[in-house]
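**Student:** Quick one, what's the 3D model for this:
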Amino acid sequence: MAPRVTMVGVDVTDDQVRVWWNRRKWTRYIAMYVSIIASAVFYFRGKPPVWEAVVVMAAALVLTVLGMRTTFETPILLLRKLPFWPSYVLLLVLCAGLPVFAGMEWASSSIWASAATGWIGGRWMFARLVMVSAVLAGIAAIQGMQWVLVAWLVLVGLMVGFFSSQARQQFELFTELRDSRRERARLAVAEERDRIARDLHDLVGHSLSVIAVKTELARRLVAIDTAKAEQELADIDTVVRRALAEVRQAVTNYRQPTLAGELASARRAAASAGIDCRVESPESWSLPAPVDGALAWTVREGVTNVLRHSQATRCTITLSIEDVCAVVEIVDDGVGPGEDSRGNGLVGLAERAQALGGTMDSGPREDRGFYIRVRVPA
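**Tutor:** You can find the predicted model right below:
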C-alpha cells in the first residue's frame, strides 16, 4: 500500500500526489508546444527555403527537448545524462538565435528560457529572469516588433518564470514530505519491532530459563529421587502453561481483529455449520480503530455463541452507522446460550462497549431466538 498523507483534511497517497504533479507539468508543456507549433505555422506562411526550414525546425526540436530537460528536469531521450547547466546555456542561445535567424515568428519560444530560469530559482532568480526578458525584448525591438507586442512578450515571460519558480518550491515540498513520511514509517516499524522483541523477551525469556534449569535438575533427580523429579516436572508444567497464557495474551493484543474481516469470517463459518447467515451493512465505512475493534469482537463472540450454543438455522448480522454511533446486532432463531455459557464472553463485550462509552444488550427474542446488540459512539 502506498504511503498516505493528510493535506487540508484530505487523505491522499504518494501516487495521487505524483499524478497531480505530472498533470501540472504536462499542462505547462502542452502550452509551450502550442506556442512552438503556432510559431512554425506563421514561419511556413512565409515560404522559406527548404534548407532554412530544415535547419530552423531542427533547432526548434532541440529547443523543445532542452526546454523539457531544463524545466522540471524531465529526463528526455539522449539528454537524460546531459548536465543541467550546458543544457540551460544552449537553450538560451537557441531562444535568442531563432528570432534573429528565422524571424520574430519564433519570439514566443522565449517562454522556454523563462520557464527554465524560474525553475532554477535561487537568490538571484528575479535578476536572471529580468535579464533574460530584457535580452529577448531587445532582440524583438531590433527586429521591428511593435512595442505593445514587446511589452506583452516581457510580461508573459515574467509570469511563466514566476509560475515555474512556484512549481519548483511545491516540488521540493512534496519531495521533502514524501521522504519525511517514509522515514517516519521506517522508524515506526523499527520501534514496533523493538517493542515486540522486548515484550517477548520479558514474557518468554524468564520462563524458558526456568524451564531449562528445572529440566536439567529433573534429569539428574530421576535416578536419585523420583518424588522430587516429579515435583520438578509439575513445576515445569505450571511454568509452561503460564508462559503459554502470557504469549496468547500478547498475541491477542497485537492482532486486533477488523470488523470487515470478522463479517466475512462469520459468513464462512456459519455456512460451514449449515446456518443461513445474512450480513446487512453499508458498502463501505470508516470507523476509529477502537470502535472497529470493539464491533469486530462483538461479531466474533456473537457468531461463536450461535455456532456453539444456539442450535439455530438462520442468523442475521446487521451493521448500521448513524451520525453519532455505530451499532452491530446479531440475531438468530435458536434457543440462545445456556446459563453456564453466558458468562465471560458477554461480560467481556459489555466491558468493551462501556470502555468506549457505549452499551451492550442481549437476551431472548419474543418469538424465538437470541439477540446481541452493541452500540458505541462512532
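**Student:** Count the residues that sit near residue 292.
**Tutor:** Counted with other C-beta atoms under 10 Å, residues neighbouring residue 292 total 22. Every C-beta, even on glycine, is put in place using the N, C-alpha and C of the backbone.
**Student:** so it makes contact with residue 263?
**Tutor:** No. When contacts are counted by C-beta atoms under 8 Å, residue 292 is not listed as touching residue 263 (11.2 Å).
**Student:** Give the buried residues for the helix or strand containing residue 230.
**Tutor:** Per DSSP states H and E: residue 230 is located in helix 226-254. Within helix 226-254, the residues that count as buried by 16 or more other C-beta atoms under 10 Å are 229, 232-233, 236, 239, 243, 246, 250.
**Student:** Now do that helix: which elements does it pack against?
**Tutor:** helix 147-200, helix 206-221 (3 or more C-beta pairs under 8 Å, 6 or more residues apart in numbering; DSSP states H and E).
**Student:** let's go with 6 Å and repeat that
**Tutor:** Applying 3 or more C-beta pairs under 6 Å, 6 or more residues apart in numbering; DSSP states H and E, one finds that helix 226-254 contacts helix 206-221.
**Student:** Next, format the buried residues of helix 226-254 as a markdown table and append pLDDT and distance to residue 268.
**Tutor:** Shown next, in a markdown table, are the buried residues of helix 226-254 (pLDDT from 0 to 100; distance: C-beta to C-beta, whole Å):
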| residue | pLDDT | distance to residue 268 |
| --- | --- | --- |
| 229 | 83 | 48 |
| 232 | 81 | 45 |
| 233 | 85 | 42 |
| 236 | 83 | 39 |
| 239 | 80 | 37 |
| 243 | 78 | 32 |
| 246 | 72 | 30 |
| 250 | 67 | 27 |
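**Student:** Contacts made by the host helix or strand of residue 302 with the rest, please.
**Tutor:** Using DSSP H and E, residue 302 maps to helix 289-305. With contact meaning C-beta atoms under 6 Å, 6 or more residues apart in numbering, helix 289-305 is reached by 256-259, 262, 266, 326, 328, 330, 337, 345, 349, 352, 356, 372, 374, 376.
**Student:** Mind doing that once more with 8 Å?
**Tutor:** Residues outside helix 289-305 that contact it (C-beta atoms under 8 Å, 6 or more residues apart in numbering): 256-259, 261-263, 265-266, 269-270, 277, 287, 315, 317, 319, 326, 328, 330, 337, 341, 345-346, 348-349, 352-353, 355-356, 358, 360, 370, 372, 374, 376-378.
**Student:** Count the neighbours of the closest residue to residue 52 other than its chain neighbours for me.
**Tutor:** Leaving aside its chain neighbours, residue 52 sits nearest to residue 102 (7.2 Å; criterion: C-beta to C-beta, 6 or more residues apart in numbering). The tally of other residues near residue 102 (other C-beta under 10 Å) stands at 22.
**Student:** Neighbours of residue 373, how many?
**Tutor:** Around residue 373 there are 18 residues (other C-beta under 10 Å).
**Student:** Going by secondary structure, it is in what exactly?
**Tutor:** According to DSSP H and E, residue 373 maps onto strand 370-377.
**Student:** How about residue 360?
**Tutor:** Using DSSP H and E, residue 360 maps to strand 359-364.
**Student:** Mind giving me the packing neighbours of that strand?
**Tutor:** With contacts defined as 3+ C-beta pairs under 8 Å, 6+ apart, the packing partners of strand 359-364 are helix 344-355, strand 370-377.
**Student:** and the angle for it with helix 289-305?
**Tutor:** Note on geometry: by axes from the mean of the first three to the mean of the last three C-alpha atoms, to 10 degrees, strand 359-364 and helix 289-305 are set 10 degrees apart in direction.
**Student:** What residues sit buried inside strand 359-364?
**Tutor:** For strand 359-364, burial by neighbour count (16+ other C-beta under 10 Å) applies to 360, 362.
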